[in-house]
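> only geometry, no sequence info:
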């Protein structure tokens, strides 16, 4: 796998392009915005989404979707989750080219995981999921990072790990695609909840409780879909959850913190260019959870605050007033 195509030139897509180039691959990065293409090709910096990081001169960008994927040995899909279906449909990758899903989310209208969406948009392809505790700026700078690279095809997972792996970027292969996806998607909703807790100054005990009970929600949801519970104790589960729920560098946590301080969702989003996936994942996961018969009170509370006009204090009081129960 020598030629790597990265679809999506946000911060994470740009960071993965840097990873692939650092691993010695030929990298083409597809960007939707013409100004992003120009900045990468001329200034070798994605000034709009990942400022301050100088990119290897050999990384090229294009806004031509077909040209980006032409001759690629692997395609990394790093679009926002809600755009995966139309982008992959338009791309129509060759059946022999592995597609790596790097978006973390659940489709809003259908409640489907990204691998399910990809299977409908591009049937017959081999898919993998790349997930884990990854802040884009740290990855782009070459700071030590470990991720889960899951695929039902063990040979493809191993080949992708070899193609992308470096001493500072360590992919651990796995076969549990569903577990890797669920952990990466729902942790964004739990991170918003943790941000709300901190913004409301409810204390570190409360935040730790949200992380633990949030992991329980993730595990219940994943179990109904047949995921391996051990996956949720790994990088794409507990690892990603811990990182995202404890740092202001997390887009989802920082959004929640602003809500906890009293800002409205519209106020928070008006000053942002990047996507906080938890905003759409919250109602999306509830759609799927309802169909599966899974109770997810933290995700429901976050969705109510984000989309139903529920008050922060009243919603927190409702969660705390839930009946006592056994932890298991």
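Yes, it's here. None of these values were measured; they are calculated from a predicted model.

> ok, residue 16 - how many residues close by?
The number of residues packed around residue 16, counting by other C-beta atoms under 10 Å, is 27. Glycine gets a C-beta too; all of them are placed from N, C-alpha and C.

> please apply the same query to residue 64.
Counted with other C-beta under 10 Å, the neighbours of residue 64 add up to 11.

> quick one, phi/psi of it?
Torsion angles at residue 64 (phi, psi; degrees, to the nearest 10) stand at phi -100, psi 110.

> what about residue 269, distance to residue 46?
Separation of residue 269 from residue 46 (C-beta to C-beta, to the nearest Å) stands at 21 Å.

> which of the two has more neighbours?
Regarding residue 269 and residue 46, a neighbour count based on other C-beta under 10 Å identifies residue 46 as having more, with 29 against 15.

> ok, that one - contacts?
With contacts defined as C-beta atoms under 8 Å, 6 or more residues apart in numbering, residue 46 is in contact with 9, 11, 14, 36, 39-40, 53, 55.

> can you pick the most crowded of those residues?
Neighbour tally across the contacts of residue 46 (other C-beta under 10 Å): the maximum, 30 neighbours, falls on residue 14.

> so it lies in a helix, does it not?
Yes: under the criterion used here (DSSP: H, G, I helix; E, B strand; the rest coil), residue 14 sits inside a helix.

> and it, how far is that from residue 191?
With the distance defined as C-beta to C-beta, residue 14 ends up 22 Å from residue 191.

> how many neighbours does the closest residue to residue 142 other than its chain neighbours have?
If the residues on either side of it in the chain are set aside, residue 142 comes closest to residue 168, at 4.9 Å by C-beta to C-beta, 6 or more residues apart in numbering. Close neighbours of residue 168, defined as other C-beta under 10 Å, add up to 15.

> quick check: phi and psi on residue 168?
Torsion angles, degrees, to the nearest 10, at residue 168: phi -100, psi 0.

> verify the contact between it and residue 145 for me.
Yes: judged on C-beta atoms under 8 Å, residue 168 makes contact with residue 145 at a distance of 6.7 Å.

> quick one: low-confidence parts of the chain?
Across the chain, nothing is flagged by pLDDT under 70.

> okay, buried residues for stretch 78-93 please.
Of all the residues in stretch 78-93, those buried under the rule 16 or more other C-beta atoms under 10 Å are 78-85, 87-88, 91, 93.

> whoops, stretch 299-311 was the one
Under 16+ other C-beta under 10 Å, the buried positions of stretch 299-311 are 299-306, 310.

> and these, which is closest to residue 328?
The shortest distance between residue 328 and any of the buried residues of stretch 299-311, using C-beta to C-beta, involves residue 299 and amounts to 19.3 Å.

> residues touching that closest one, list them.
Contacts for residue 299 were tallied using C-beta under 8 Å, 6+ apart; they are 186, 189-190, 217, 282, 285-286, 289.

> what of residue 189?
By C-beta under 8 Å, 6+ apart, residue 189 lies in contact with 214, 252, 278, 281-282, 285, 298-299, 302-303.

> between the buried residues of stretch 299-311, which is closest to residue 2?
Set against residue 2, the nearest of these by C-beta to C-beta is residue 299 (41.3 Å).

> next one: the helix or strand harbouring the closest one to chain centre, how far?
Secondary-structure element containing residue 299, defined by DSSP states H and E: helix 297-307. In this view, helix 297-307 has its centroid 19 Å away from the chain centroid, taken as C-alpha atoms, centre = their mean, to the nearest Å.
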